[in-house]
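>>> Sequence and predicted structure below; questions after.
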Amino acid sequence: MALEASDLPLKLRPINDGAQFITTAKGVVMGQIKRINGTWKFKALWRDEVGDWVPGGGPLTDRHNATLDSTDAQEWQARLLADSQP
């Protein structure tokens, strides 16, 4: 699945104090950001055709382990979609 304009904006959905899901505008999980050693790190996450989670999978695989010192959804969207805007 490639991201399309209708998937934007990306949104953050809190899991707990140290993690948030990153979802499309339609609610599809693209991954999560986790607070690791004081920095927010992106972990790509995807569901396969059976519904099982695939760590490091999905359309944002190439951005797995990207970091940012922010929990702002617009900043994460810019970071994750740099050079690949739909």
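Noted; the coordinates are in hand.

>>> any idea which helix or strand carries residue 32?
strand 29-36 (DSSP states H and E).

>>> So residue 79: helix, strand or coil?
Here residue 79 is helix, with the state taken from DSSP: H, G, I helix; E, B strand; the rest coil.

>>> Now it: closest residue in space, sequence neighbours ignored.
With sequence-adjacent residues excluded and distances taken as CB to CB, 6 or more residues apart in numbering, residue 79 is closest to residue 68, at 5.3 Å. C-beta coordinates here come from the backbone N, C-alpha and C atoms, glycine included.

>>> What about the one you found, how many residues nearby?
For residue 68, the neighbour count with other CB atoms under 10 Å is 16.

>>> what bridges to residue 55?
residue 45 (DSSP bridges).

>>> burial count for residue 18?
Neighbour tally, residue 18, other CB under 10 Å: 11.

>>> Which positions in stretch 40-58 come out as buried?
Within stretch 40-58, the residues that count as buried by 16 or more other CB atoms under 10 Å are 40, 42, 43, 44, 45, 46, 57, 58.

>>> related to what we said a few turns ago, now the strand holding residue 32: mean pLDDT?
Taken as a whole, strand 29-36 has an average pLDDT of 96.

>>> From the buried residues of stretch 40-58, pick the one nearest residue 22.
For the buried residues of stretch 40-58, the minimum distance to residue 22 (CB to CB) is 7.2 Å, reached by residue 42.

>>> pLDDT score for the residue of the chain most remote from its centre?
Relative to the centre of the chain, and counting by CA atoms, centre = their mean, the farthest-placed residue is residue 50 at 20.6 Å. For residue 50, the pLDDT comes out at 95.

>>> Wasn't it part of a helix?
No: assigned with three-state DSSP, residue 50 falls outside any helix and is coil.

>>> same for the helix or strand of the chain with the lowest mean pLDDT, what does it pack against?
Lowest by mean pLDDT, DSSP states H and E among the helices and strands of the chain is strand 53-55, with a mean of 94. On a contact count with 3 or more CB pairs under 8 Å, 6 or more residues apart in numbering; DSSP states H and E, strand 53-55 meets strand 39-47.

>>> For the strand it packs on, give me every contacting residue.
Residues from elsewhere that reach strand 39-47 (CB atoms under 8 Å, 6 or more residues apart in numbering): 22, 29-35, 53-61, 63-71, 76, 79-80.

>>> Alright, I will stop here.
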